[in-house]
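**Student:** Build me a model from this:
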Amino acid sequence: MIKNVIKSEKGFSLIETVIATALLGIIAVGLLSAFNTSSKVLSVASEREIAKNLAEHQMEIVKNQNYAPSYTPASIPSQYMAAGYSVTIAADNINSRDGNIQKIRVIVNHQGRPIILAANSTLEGYKVNR
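**Tutor:** Residues are numbered from 1 along each chain as shown. Now for the predicted structure:
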């Protein structure tokens, strides 16, 4: 009688093993998916932080220059140039009584696409001709 009980349990342990393996596989896929997502999030956060720093640096340089109709971006550190970052600066005169206010926009691109720094992809500031 004991031999019959043991024989019937062999098939049951195989089913348990298959179910346990399937559960471990599902859990592993979920964990790998979470790691992949977190890696992408960290990459985007790093890209935005670099772009924000580049834009703020460029804006400070423009604000310290003399008032001009247009501004050339300052040199970008070589490691960011090699990584595909570029900067564009646009200056638009605002209709004011004296015509001496400019809206400055600094646009940072990474590998040809603009980086979202705020609601749009630019850092904006104003400059007054004093």
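**Student:** so where do the strands sit in this protein?
**Tutor:** With DSSP state E, the ranges of strands along the chain come out as 85-93, 101-110, 113-114, 122-128.
**Student:** Sheet partners, orientation included, of the shortest one?
**Tutor:** For strand 113-114, the paired strands and their directions (DSSP bridges) read strand 101-110 (antiparallel).
**Student:** which residues touch the partner strand?
**Tutor:** 47, 50-51, 54-55, 58-59, 62-63, 67, 71, 83-94, 114-115, 117, 121-129 (CB atoms under 8 Å, 6 or more residues apart in numbering). No exception for glycine: its C-beta is placed from N, CA and C like everyone else's.
**Student:** Just give me the residue right at the centre of the protein.
**Tutor:** The chain has Val44 as the residue nearest its centroid, 2.2 Å off, counting by CA atoms, centre = their mean.
**Student:** ok, back up a step: can you tell which of the strands of the chain is closest to Ser38?
**Tutor:** strand 101-110 (20.2 Å; CB to CB).
**Student:** ok, and for the closest one, which residues are buried?
**Tutor:** Neighbour-count burial for strand 101-110, counted by 16 or more other CB atoms under 10 Å, picks out Ile101, Gln102, Ile104, Arg105, Val106, Ile107, Val108, His110.
**Student:** Redo those residues as CSV? Include distance to Pro77.
**Tutor:** Converted to CSV, these look like this (distance: CB to CB, whole Å):
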residue, distance to Pro77
Ile101, 31
Gln102, 26
Ile104, 21
Arg105, 21
Val106, 16
Ile107, 18
Val108, 13
His110, 14
